[in-house]
Every structure is written in structure tokens, then in C-alpha cells.
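Visitor: sharing a sequence plus its predicted fold:
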Amino acid sequence: MARYTGPKAKKARALGEPIFGYSRAFEKKKYKPGQHGNTRGKRRQPSDYKLQLTQKQIAKFTYGVLERQFRNLFEKAQASRGITGEVLLQLLEARLDNVVFRLGLAPTRRAARQLVSHRHIMVNGRLNNVPSTQLRPGDVVSVRGKSQGMDVIRDTVNGKSEVRNFGWLSFQQDKMEGTFLAYPERDNIPEKINAQLIVELYSK
């Protein structure tokens, strides 16, 4: 199975974070799933390994990345000159499907991945159907001409303008295109992911 297709709210509750975006079910029940999920009795303190593994799972599910892809990105981040955890998050944010989501062209990362896979998205004027493509500063992401009239894209662009206010992206709504200006600083990445715990997990 290439992607998680199980109950999204249940998985989000298990990890304690809205990993698939806003969910009414998650907001209503922010406790663990199962018979004892809402108990207030004493709970055993989670081990360091569990805390580290949970952060990795949150990152993987949030960005829709498989284990091998995630490991490759970690090794790339580890080989860089920056802080490994921060660079890892920057590489995840630089994925084409994530940038399509951040630009407000799709309501979720899953929807963004589908737009890319179905050849609705262009990078620097060329069709690109690889969601994992790593963008670089200066790359221009746009909607294919005949795809700009799609309801899902227009509705999201008109109703999700706040998604684009990150500083490291620019967007021209009339042209349906955005520019990846720079790799984001950690403060500009809203996801609550403790990347240092991920580094500790892989460093064992």
C-alpha cells in the first residue's frame, strides 16, 4: 500500500495532531481512540523511543511521505551544513505537492498530490506530474492553462487566500502561478513537529 487509506480522524487522534488537515471529528474528540482513550487515570510515561517515533509518524503522515522517501530526505538533510532537523522540514516543505497546497491551489496535501499526478500543474512552464519533486528558490509553479477553470482549483484559490501568507512564497492569482522564493525558516512552518526527536531516532 503506497498511501494510508484508513480512517483519517482515528489516526490523527492516535498521534494527537491534525495530520490530514482540519477535521471536525478530530476537533470534537482530541483524545486517543479506543475504549480507554478518554480516561483520566494515571498513564505510564511514554518512553523516549515512543516520543521520537511519534514525531516521525506525524511528519510522515502530515506530508504524505513513505519511509524510504523520508529516510532519503533525512540523509540529505544530515549531509547539509545546516541544522539537520530544520533542513529536514525545509526539504519536506519544498516538495511540489506541499507547495501546491501552500499556494492555496488545493484544499489539502492529498488533493494537491492528485492535481500534480493528473498533470494539472507546471513547474517553470513544463508539465510536472511528480509530487515529490524538490523545488529550488526561483522555481515557478503554475496551473496548466486548460485546468485553470476547474472548480476545485478556483474554489480553493478564492476561499483559501490565507494559506499563502508565509513569506517564502509569492502568488499571482490572475495568472494562477506562484514562486518558491526561498526555503522557509522554522518559524514560518506552522506544523507542530519536533524535528530534533526525529534526528535522535535516526541517530541511534
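Guide: Looks like it came in fine. On a predicted model such as this, the values are computed, not experimentally measured, just so you know.

Visitor: pull the longest helix from the protein.
Guide: helix 48-63 (DSSP state H).

Visitor: poorly predicted segments of this protein, please.
Guide: Scanning the chain for pLDDT under 70 picks out 1-43, 160-165.

Visitor: which residue is nearest the centroid of it?
Guide: Tyr63 (3.2 Å; Cα atoms, centre = their mean).

Visitor: what sits closest to that one if chain neighbours are left out?
Guide: Residue nearest to Tyr63 in three dimensions, not counting chain neighbours: Leu92, with 4.7 Å by Cβ to Cβ, 6 or more residues apart in numbering. C-beta: built from backbone N, CA, C; applies to glycine.

Visitor: mind checking how far Ile189 is from Trp168?
Guide: Using Cβ to Cβ, to the nearest Å, Ile189 is found at 9 Å from Trp168.

Visitor: please apply the same query to Asp151.
Guide: From Asp151 across to Trp168, the span is 28 Å (Cβ to Cβ).

Visitor: those two: which is more packed in?
Guide: Comparing Asp151 with Trp168 by other Cβ atoms under 10 Å, the one with more neighbours is Trp168, at 19 against 7.

Visitor: in this protein, mark out all the helices, start to finish.
Guide: Assigned by DSSP H, the chain shows helices spanning 8-15, 24-28, 48-63, 67-78, 84-93, 96-102, 109-117, 151-159, 195-202.

Visitor: what's the most buried one of the ones you listed?
Guide: helix 96-102 (a mean of 24; mean count of other Cβ atoms under 10 Å).

Visitor: ok, residues contacting that helix?
Guide: Contact with helix 96-102 is made by 63-64, 92-93, 106, 108-109, 111-113, 115-116, 121, 123, 128, 130-135, 141, 163-164, 166, 169, 178, 180, as judged by Cβ atoms under 8 Å, 6 or more residues apart in numbering.

Visitor: chain center to that helix: distance?
Guide: Distance, stretch centre to chain centre, for helix 96-102: 8 Å (Cα atoms, centre = their mean, to the nearest Å).

Visitor: domains of this protein?
Guide: The chain breaks down into these domains under automatic domain parsing: 9-19+48-94+187-204, 99-182.

Visitor: and the nearest residue to Ile193 once chain neighbours are set aside, what is it in contact with?
Guide: Using Cβ to Cβ, 6+ apart and skipping the chain neighbours, the partner closest in space to Ile193 is Ala59 (5.1 Å). Applying Cβ under 8 Å, 6+ apart, we find Ala59 in contact with Val65, Phe70, Leu88, Leu89, Leu92, Glu191, Ile193, Ala195, Ile198.
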